[in-house]
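J.: I'll drop the sequence and a predicted model, then ask my questions.
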Amino acid sequence: MRILSGNLAAMDDPSLALIEHALGRLRRNQVRRSLGRISEEQPAARVDLSLIPVLYAVEEGAETDSEGVTVGLVADRIGLDPSRASRMVGSAIQAGYLERVASQTDGRRIQLRLTGEGADLARRAHLFRQAFLGQAIAHWSDRDRAELARLFSRFVEDLSNTDPC
């Protein structure tokens, strides 16, 4: 494990250990509890839950108007190597959640777009997650909920702008 020099003191910060542990628990709970319900809702049409991050990455849209959403952008957003992201995009296309379209600015470039079914699945995944989170913090005050939203959004933004160790 490579540790950035100068960050050794951070290992003595107990708050970082608590945050790291909480993030691990959060990830496990999200997959096991909330996303699993999407598949249970439609047992006849099994949903590959591993494709939902791909749908979210496409749903987020392009970084610039002229660029469009590409496999490379999906790979960057979900933190996968391009070949793995390409296979996942292919699976999402086969499942009917995404479609390939030619770029309006460069016909040689292929862009990705959610189908109606893909947009519906992404919407349902968002609703399940929000309902799950809402239950978890239902007893919190409006002020505490707003503070969590503010700090967690700030944390995620800072995390996305930090180089990995």
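T.: Good, I have the coordinates. Residues are numbered from 1 along each chain as shown.
J.: immediately after the helix or strand of the chain with the lowest mean pLDDT, which helix or strand?
T.: Among the helices and strands of the chain, helix 36-41 carries the lowest confidence by mean pLDDT, DSSP states H and E, at a mean of 58. Per DSSP states H and E, the first helix or strand lying C-terminal to helix 36-41 is helix 52-59.
J.: Which strands or helices does that following helix pack on?
T.: In this structure, helix 52-59 makes packing contacts with helix 71-78, helix 82-94, strand 98-102, strand 110-114, helix 116-136, judged by 3 or more CB pairs under 8 Å, 6 or more residues apart in numbering; DSSP states H and E. Backbone N, C-alpha and C define where each C-beta goes, glycine included.
J.: which outside residues touch stretch 112-125?
T.: Outside of stretch 112-125, the residues within contact range by CB atoms under 8 Å, 6 or more residues apart in numbering are 35, 38, 41, 47, 52, 55-56, 58-59, 68-71, 74, 89, 92, 96-101.
J.: could you list every residue that touches the residue positioned nearest the centre of the chain?
T.: Central residue of the chain (CA atoms, centre = their mean): residue 53, 4.5 Å from the mean position. Neighbouring residues of residue 53 by CB under 8 Å, 6+ apart: residue 78.
J.: ok, back up a step: emit the ChimeraX select command for whichever of the contacts of stretch 112-125 are buried.
T.: Selection of buried members from the contacts of stretch 112-125 for ChimeraX, criterion 16 or more other CB atoms under 10 Å:
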select :35,38,47,52,55,56,58,59,68,69,70,71,74,89,92,97,98
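J.: remind me which residues of this structure are low pLDDT?
T.: The model of the chain has pLDDT under 70 over residues 1-11, 30-46, 65-66, 165.
J.: What's the local residue count around residue 126?
T.: Neighbourhood size, residue 126 [other CB atoms under 10 Å]: 13.
J.: Helix or strand: which one has residue 155?
T.: Counting by DSSP H and E, residue 155 is part of helix 142-160.
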